[in-house]
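Enquirer: Got a predicted structure here, sequence first:
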Amino acid sequence: MEITEMKQLFLETFGDNGGELRVFASPGRVNLIGEHIDYCGGCVLPAALTMQTTLVARKREDDIIRLKATDLDILVETKISEMEELKGKLKWGDYQLGVALELIAAGYGVGGCDLLYDDTVPHGGGLSSSAAIEVSTALCLATFANEKAGIEKEIDMIEMALISQKAEHNFIGVKCGIMDQFASAMGKADHAVYLNCATLEYEHLPLKLEGSKIVLTNTNVKHSLGSSKYNERRGECEEGLNALKAALPNIEQLSDVTKEQFEEHKMLIENEVTRKRIKHVVYECDRVRQSAAAMKANDIAAFGAFMNGSHDSLQYDYEVTCPELDFVVAEGRKIDGVLGIRMTGAGFGGCTVAIIKDDAIDTYIETVGKAYLDKFGHEASFYVTEIGNGGREIC
């Protein structure tokens, strides 16, 4: 929806009291490589998308927050003092209220406001629509709070990412790593973000895809296993880390473990399934390091090969794919010009990400689309994407 349309809908929804309408936005992200290692302290390579959450906002003089989405009939209204009571009770709006609570805990004087959201990030697609909502909300509410307090300093977007992550942990109950929120907050057009999730050191790497593009394929399924299995995988990683500390007492997180150390000491992890999980983390960390070097060298063919290896590891060792994702990957690999393809996001549905030569994109979409429809009886969606900027106030 265009901003002018959003502003008109805002006034129709909340009324016109003469107050200034402000517009904020934050994008979804695609993780090019480095899946399920952010919460293990590893490095990742996400990029912000041009698909985003756009937020029209207006301050209120009281302590009421009202929330509305352009595509939902639900209107959430709550006093700031009563937000905590809504935890686990909302069909929509929990990401926003979780962020508001974490901002208050961080010392921001959150005030009343009306907020209208429009999302172009596919929900449940593994492209972090939740992070887009969280970061845009955090930026908006922090901006309003600072203005109310007479504070003129620029909003710290890394802090907004961390606050958004805490909201996910404490209000939503998903113990996610920092990657999604960081990429949404700190993305840069035409660049990937090479992020160390343990230290938050980062580097913007130019994403030069001359003659190729990033293509997302949304399976349009999201299996219910997602959240429970996500937390289960985190527990398995902690179990494996504790086992390896018997031989490697100085390691603080799994990203500290080299492939050589893992192979030497892997039998300390008695549970075979847990051992496979740790293998994925250790080898994926190595793939990310090599992928960053390939990106810096503009070796996209090598980068694509690492993407393929990542998916295989997620399928067989970490076991977070699903038949639909594996089918898209298998069919895509049959097509000349698909340089690399893998699932992206938490898994159990959602999207694949591929780097595809320009002259093969139409063939990929037509061929994979038909095969997918024939196999599963519903269509996949395809997006030829651009890499955009992180969270910001638009006007």
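Expert: Right, received. Where do you want to start?

Enquirer: Just the CA atoms of the lengthiest strand in the chain, as CSV, please.
Expert: The residue-count maximum for a strand in the chain (DSSP state E) belongs to strand 43-59. Extracted in CSV, the C-alpha atoms of strand 43-59 (Å, rounded to 0.1, in the frame of the first residue of the first chain):
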residue,chain,number,x,y,z
CYS,A,43,28.9,-15.5,12.0
VAL,A,44,26.1,-15.1,9.5
LEU,A,45,25.5,-13.4,6.2
PRO,A,46,22.0,-11.9,5.9
ALA,A,47,20.8,-9.1,3.8
ALA,A,48,17.9,-6.7,4.2
LEU,A,49,15.1,-6.9,1.6
THR,A,50,13.1,-4.2,0.0
MET,A,51,10.0,-6.1,1.3
GLN,A,52,9.2,-4.4,4.6
THR,A,53,6.9,-3.3,7.4
THR,A,54,5.7,0.3,7.0
LEU,A,55,4.3,2.0,10.0
VAL,A,56,2.2,5.2,10.1
ALA,A,57,2.2,6.6,13.7
ARG,A,58,0.8,9.5,15.6
LYS,A,59,1.4,10.5,19.2
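
Enquirer: taking the mean pLDDT, what do you get for it?
Expert: For strand 43-59, mean pLDDT is 97.

Enquirer: buried sites along that strand?
Expert: The neighbour-count check on strand 43-59 (16 or more other C-beta atoms under 10 Å) flags 43-58 as buried. Every residue, glycine included, has its C-beta placed from N, CA and C.

Enquirer: shaky segments in the chain?
Expert: 224-227 (pLDDT under 70).

Enquirer: can you give me the strands in it?
Expert: Under DSSP E, the chain gives strands at 22-33, 43-59, 64-69, 75-79, 113-119, 191-196, 202-206, 212-222, 338-344, 349-357, 381-385, 392-393.

Enquirer: tell me which of the buried residues of strand 43-59 is nearest to Met186?
Expert: Ala48 (8.0 Å; C-beta to C-beta).

Enquirer: closest to Tyr372 out of the strands of the chain?
Expert: strand 212-222 (7.7 Å).

Enquirer: which other helices and strands contact the closest one?
Expert: Using 3 or more C-beta pairs under 8 Å, 6 or more residues apart in numbering; DSSP states H and E, the elements in contact with strand 212-222 are strand 22-33, helix 323-333, strand 349-357, helix 361-376, strand 381-385.

Enquirer: ok, back up a step: closest one to Lys296 out of the buried residues of strand 43-59, please.
Expert: Leu45 (11.2 Å).

Enquirer: Just list whatever residues bridge to that closest one.
Expert: Ile33 (DSSP bridges).

Enquirer: repeat for Thr352
Expert: Beta bridges link Thr352 to Thr217, Met343, judged by DSSP bridges.

Enquirer: which residues touch it?
Expert: By C-beta atoms under 8 Å, 6 or more residues apart in numbering, the contact list for Thr352 reads 216-217, 219, 311, 325, 328-329, 332, 341-344.

Enquirer: 10 Å - rerun?
Expert: 30, 126, 215-219, 307, 311, 321, 324-329, 332, 341-345, 368, 380 (C-beta atoms under 10 Å, 6 or more residues apart in numbering).

Enquirer: likewise Leu11?
Expert: If you count contacts by C-beta under 10 Å, 6+ apart, then Leu11 has 17, 21, 56, 58, 116 around it.

Enquirer: one step back: what's the angle between the longest strand of the chain and strand 22-33?
Expert: Put simply, strand 43-59 runs at 170 degrees to strand 22-33, going by axes from the mean of the first three to the mean of the last three C-alpha atoms, to 10 degrees.

Enquirer: Strand 212-222 and strand 43-59, what's the angle between them?
Expert: Going by the same axes, to 10 degrees, strand 43-59 makes 70 degrees with strand 212-222.

Enquirer: Strand 43-59: how far from the chain's middle?
Expert: Relative to its parent chain, strand 43-59 has a centroid offset of 10 Å by C-alpha atoms, centre = their mean, to the nearest Å.

Enquirer: now the helices for the stretch 201-350 of the chain?
Expert: 226-244, 259-265, 272-296, 300-313, 323-333 (DSSP state H, counting those that start in this stretch).

Enquirer: okay, the ones you listed in CSV with distance to Lys79 next?
Expert: Supplementary listing: these in CSV, determined by distance: least, C-beta to C-beta, whole Å:
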stretch, distance to Lys79
helix 226-244, 29
helix 259-265, 52
helix 272-296, 43
helix 300-313, 46
helix 323-333, 43
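
Enquirer: Of these, which is nearest Gly112?
Expert: helix 226-244 (31.2 Å).

Enquirer: Determine the set of other helices and strands touching that closest one.
Expert: Contacts defined by 3 or more C-beta pairs under 10 Å, 6 or more residues apart in numbering; DSSP states H and E place helix 226-244 against helix 259-265, helix 272-296.

Enquirer: For the longest one, enumerate the helices and strands it packs against.
Expert: Identification of packing neighbours for helix 272-296 by 3+ C-beta pairs under 10 Å, 6+ apart yields strand 22-33, strand 43-59, strand 191-196, strand 202-206, helix 226-244, helix 259-265, helix 300-313.

Enquirer: Double-check Glu393 against Met160; I have them as touching.
Expert: No: shown here, Glu393 and Met160 do not form a contact pair, counting by C-beta atoms under 10 Å, at 12.0 Å.
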